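Student: Predicted model and sequence follow; I will ask about them next.
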Amino acid sequence: FAFTVMFFAAGLPMLALALIGGIMIRSTLRPLRVLMKATNKVGEQEPRPLQEHGPSEVRAFIRDFNAMQIRIHRLVASRTQALAAIGHDLRTPLTRMELRLHGARLEEEERQAILGDVAVMDDLLRSLQVYLTGDSERVLPEKVDLAAMALTIIEGARDTGKDAHYDG
């Protein structure tokens, strides 16, 4: 009987300390679990800063993570914007080439071959635009430089010997 009382007297505080230690470790690691889940979403959506909880080292780590995800979001957004601008800028000369081809003195077979190449490049640029917008259902409308198109038509007419002028 004395042994049982001594076992409980010594074992009960150890059990209580183990339970308290487990709760403390669990609460210390909770911010790290939240951080691990957040790492899977970096770059996929708008950055959502995590609240800084836990020991000072964990709070500093979360603070750095928040700054990193904002930097990554900015890099992805600027890359996307740059590629979209390049795609748009390349479509303008393609349209002018297509317009010039219609008025150029070429054999029909050669004209069709070049028009086919222009169409392939246009499709590639359209695919890039769809990829960058993330919208495979529709392509966003784009601005067209009417003055550049009109000038291309005038130059094409002049190339064929017609009297054409542009004032704009």
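Tutor: Everything's here; your move.
Student: for residue 43, what are its contacts?
Tutor: 69, 72, 73, 76 (C-beta atoms under 8 Å, 6 or more residues apart in numbering). Placement of C-beta: from N, CA and C, glycine included.
Student: So which of those residues are in helices?
Tutor: 69, 72, 73, 76 (DSSP state H).
Student: Now, of the residues you listed, which are buried?
Tutor: 69, 73 (16 or more other C-beta atoms under 10 Å).
Student: Tell me the one of the ones in helices among the contacts of residue 43 nearest residue 129?
Tutor: Closest approach between these and residue 129, by C-beta to C-beta: residue 76, at 16.5 Å.
Student: quick one: the closest one and residue 132, what's the gap?
Tutor: Relative to residue 132, residue 76 is positioned 11 Å away (C-beta to C-beta, to the nearest Å).
Student: just residue 25 next, same as before
Tutor: Distance from residue 25 to residue 132, by C-beta to C-beta: 45 Å.
Student: With neighbour numbers in mind, choose between those two.
Tutor: Between residue 25 and residue 132, residue 132 has the larger neighbour count (other C-beta atoms under 10 Å), namely 17 against 10.
Student: backbone phi and psi for residue 102, please?
Tutor: Main-chain dihedrals, residue 102, degrees, to the nearest 10: phi -70, psi -30.
Student: How about residue 105?
Tutor: Torsion angles, degrees, to the nearest 10, at residue 105: phi -90, psi 90.
Student: Excluding residues flanking it in the chain, which one is nearest it?
Tutor: Nearest non-adjacent residue to residue 105, counting by C-beta to C-beta, 6 or more residues apart in numbering: residue 160, 6.8 Å away.
Student: Residue 65 too?
Tutor: Residue 65's closest residue in space is residue 35 (C-beta to C-beta, 6+ apart), at 6.1 Å.
Student: tally of neighbours for that neighbour?
Tutor: Per other C-beta under 10 Å, the neighbour tally for residue 35 reads 17.
Student: Let's test this: mean pLDDT of the one helix or strand it maps to, rounded?
Tutor: Using DSSP states H and E, residue 35 sits within helix 2-39. What helix 2-39 shows for mean pLDDT is 84.
Student: hang on, the earlier thing: roughly how far apart are the residue nearest to residue 65 and residue 105?
Tutor: Residue 35 is 67 Å from residue 105, by C-beta to C-beta.
Student: Ok, residue 85 next?
Tutor: Counting by C-beta to C-beta - residue 85 and residue 105 are separated by 35 Å.
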